[in-house]
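Chemist: sequence first, then the predicted structure:
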Amino acid sequence: MNGEAMSDAPFDIFLAGDAMLVAPWSGAADDATLRLFDAMRSADVTILNLETVIHSFEGYAQADSGGTWMRSPPEIASELSWAGVDMVAHANNHAFDYGSEGILQTVRHAEAAGLVISGSGPDLQRARAPGFVKRSRRTVAHLSMASDFVPYGRASMSLQALPGRPGINPLAIERRPSLTVPRWCARLAEATDRLLGRNTDRYAMPHFLKNGMEITVGSGFRYRPGPRVNLADERGNIDAIAGARRQADIVVVSIHAHRQGRWLRSFAARAIDAGADVVVVHGPHEIRGIEVIGGRPVFLCLGGFAYQPDKVDLVPPEAYERVGIDYSASATAVRDAWPPVARLARRRATYEGLAARVRFSGRGPEAVELLPIDLRYDDPGPDLGSPRWADIVMGRRLIGGVAELSRRFGTTIHYDPTANIGVITLR
């Protein structure tokens, strides 16, 4: 925590999910949308995942993309600021759709609009560094990382006089198995190594078991095939979280992870141990459960907050070649012919989400309010993919659904029909 005394007054952080925002939303006039924007502006800090690239085609489309090639015009950064957004995560599978220049232009436009961006940058040091916002005598740190990204999209370190490579902050997942062995087995292996003249400081198990496998000592034998987090990425990000904790009163960690499982919950627990107050996961484009670890919420996916890839009007030739369509066809026709993208566009869950309003006191997070978000699946007009506060029928269904998904984690969520929100009490 930073040196200044932290206020005991309530403090709200508004968290939203994936924002694939292409068209302006400042012209919205319906009450449900304006009510949502009022909630974003009234929070002390508002954070979302910026799953697009903001640029005017200064860079070059890469040979591959994060699914489809995303592009938002520069004015989108101002639209986010207008709606009350303070901080954005930009470590995701679309951040490198237009290469290094796309990263740099997104950072430039975001910062010019007053947004604090984390998760991407001109080198690994800055992509991994937390962003900071100070409000009401509290400093909020936000860190962003991704486990799903194109391999060449990871940022590299600046070293001595050699500049690093722009990119995203990686949290790579590997098929690296692990084996837990009882202590007597480790001692036997150590004795064998000594007998054969091996360096026992380096080897704790026979060579044929050691190669490519993480060995730990426990109460018995246990083999896990993976996946597991890359050790260097894990150490780097945990160190960054611990560093943010020393400088901030509240630490929020964003993780872009399509593939989830034991590794993700384990890393979230490590992040909380290192100092995270909230962990928010995005990427699957659907609502998933909520776990509470040590009084800290872990949102395994809040779902969508804006979904407008259909409004991207230009895609590179690789997109046409991938689906075997003539170059004269529209970008929409290309997306409709690419099965993974078409499936997302046809699925109702893609157009549903939650926003989370996390309330803090001087003791940390105290409660969570869940706001149901409707991206207008049943309204295929120009506002398709834009967010609004869901009506009470959808709200009851979405909150009931996330309550069911969260029950296996021991998390209880109550639905308040008067306010049309879900409520989680943390303390």
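Modeler: Great, that's in hand.
Chemist: list the helices and strands whatever helix or strand residue 298 lives in packs on?
Modeler: Taking DSSP states H and E as the criterion, residue 298 maps to strand 296-299. Identification of packing neighbours for strand 296-299 by 3 or more CB pairs under 8 Å, 6 or more residues apart in numbering; DSSP states H and E yields helix 262-274, strand 278-282, strand 290-293, strand 352-361, strand 364-374. All C-beta spots, glycine's among them, are computed from the backbone N, C-alpha and C.
Chemist: report all helices and strands that the very next helix or strand once past it contacts.
Modeler: Sequence order places strand 304-307 as the next helix or strand after strand 296-299, per DSSP H and E. Here strand 304-307 touches strand 11-20, strand 352-361, going by 3+ CB pairs under 8 Å, 6+ apart.
Chemist: can you list the strands that strand 304-307 pairs with?
Modeler: Strands that pair with strand 304-307, judged by DSSP bridges, come out as strand 11-20 (parallel).
Chemist: got the angle between the strand it pairs with and strand 364-374?
Modeler: Inter-element angle recorded for strand 11-20 and strand 364-374: 40 degrees (by axes from the mean of the first three to the mean of the last three CA atoms, to 10 degrees).
Chemist: so for strand 11-20, mean pLDDT?
Modeler: Averaged across strand 11-20, the pLDDT comes to 97.
Chemist: can you point out the buried residues in it?
Modeler: The neighbour-count check on strand 11-20 (16 or more other CB atoms under 10 Å) flags 11-20 as buried.
Chemist: next SSE after the least confident helix or strand in the chain by mean pLDDT?
Modeler: Ranked by mean pLDDT, DSSP states H and E, the helix or strand of the chain with the weakest confidence is helix 207-210, at a mean of 41. Tracing the chain C-terminally past helix 207-210 and defining elements by DSSP H and E, one meets strand 214-218 next.
Chemist: ok, residues contacting the next helix or strand after that following strand?
Modeler: Sequence order places strand 222-224 as the next helix or strand after strand 214-218, per DSSP H and E. Residues from elsewhere that reach strand 222-224, judged by CB atoms under 8 Å, 6 or more residues apart in numbering: 177-180, 262.
Chemist: starting at the chain centroid, how far to strand 222-224?
Modeler: 28 Å (CA atoms, centre = their mean, to the nearest Å).
Chemist: report the strands that pair with it, each with its relative direction.
Modeler: Next to strand 222-224 in the sheet, as set by DSSP bridges, lie strand 178-182 (antiparallel).
Chemist: only the buried residues of the strand it pairs with, if you could.
Modeler: 179-181.
Chemist: need these in TSV (columns: pLDDT and distance to residue 335).
Modeler: Output for the buried residues of strand 178-182, formatted as TSV (pLDDT from 0 to 100; distance: CB to CB, whole Å):
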residue	pLDDT	distance to residue 335
179	75	44
180	79	46
181	77	50
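Chemist: between the residues you listed, which sits nearest residue 367?
Modeler: The closest of the buried residues of strand 178-182 to residue 367 turns out to be residue 180 (CB to CB; 37.6 Å).
Chemist: which residues does the closest one contact?
Modeler: By CB under 8 Å, 6+ apart, the contact set of residue 180 is 215-218, 220-223.
Chemist: looking at the residues you listed, state which has the most neighbours.
Modeler: residue 215 (16 neighbours; other CB atoms under 10 Å).
Chemist: longest helix in this structure, by residue count?
Modeler: helix 231-247 (DSSP state H).
Chemist: and it, what does it pack onto?
Modeler: helix 124-128, strand 138-146, strand 250-256, helix 262-274.
Chemist: low pLDDT regions in the stretch 1-150 of the chain?
Modeler: In the predicted model, the stretch 1-150 of the chain carries pLDDT under 70 at residues 1-7.
Chemist: for it, which segments are assigned as strands?
Modeler: Residue ranges of the strands in the stretch 1-150 of the chain, as given by DSSP state E, counting those that start in this stretch, are 11-20, 45-50, 87-89, 116-118, 120-121, 131-135, 138-146.
Chemist: quick one: low-confidence ranges for the stretch 151-300 of the chain?
Modeler: Scanning the stretch 151-300 of the chain with the threshold set as pLDDT under 70 gives 186, 191-214.
Chemist: same thing but at 50, please
Modeler: By pLDDT under 50, the low-scoring segments of the stretch 151-300 of the chain are 200-211.
Chemist: rewinding a little: make CSV out of the helices and strands packed on strand 304-307 and add distance to residue 282.
Modeler: Shown next, in CSV, are those (distance: least, CB to CB, whole Å):
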stretch, distance to residue 282
strand 11-20, 5
strand 352-361, 10
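Chemist: looking at these, which is closest to residue 35?
Modeler: Nearest to residue 35, of all the helices and strands packed on strand 304-307, is strand 352-361, at 11.6 Å by CB to CB.
Chemist: check contacts around residue 174.
Modeler: 226-230.
Chemist: just name the closest of the residues you listed to residue 396, please.
Modeler: Within these, the smallest distance to residue 396 is 36.2 Å, found for residue 227 (CB to CB).
Chemist: what is the neighbour count of residue 156?
Modeler: With neighbours defined by other CB under 10 Å, the count for residue 156 comes to 15.
Chemist: on that earlier part again, report the inter-axis angle for the longest helix of the chain versus strand 131-135.
Modeler: Helix 231-247 and strand 131-135 meet at an angle of 20 degrees, taking the same axes, to 10 degrees as the criterion.
Chemist: in helix 231-247, what counts as buried?
Modeler: 233-234, 236-238, 240-241, 243-245.
Chemist: how about residue 334, nearest residue that isn't a chain neighbour?
Modeler: Leaving aside its sequence neighbours, residue 334 sits nearest to residue 319 (CB to CB, 6 or more residues apart in numbering; 4.9 Å).
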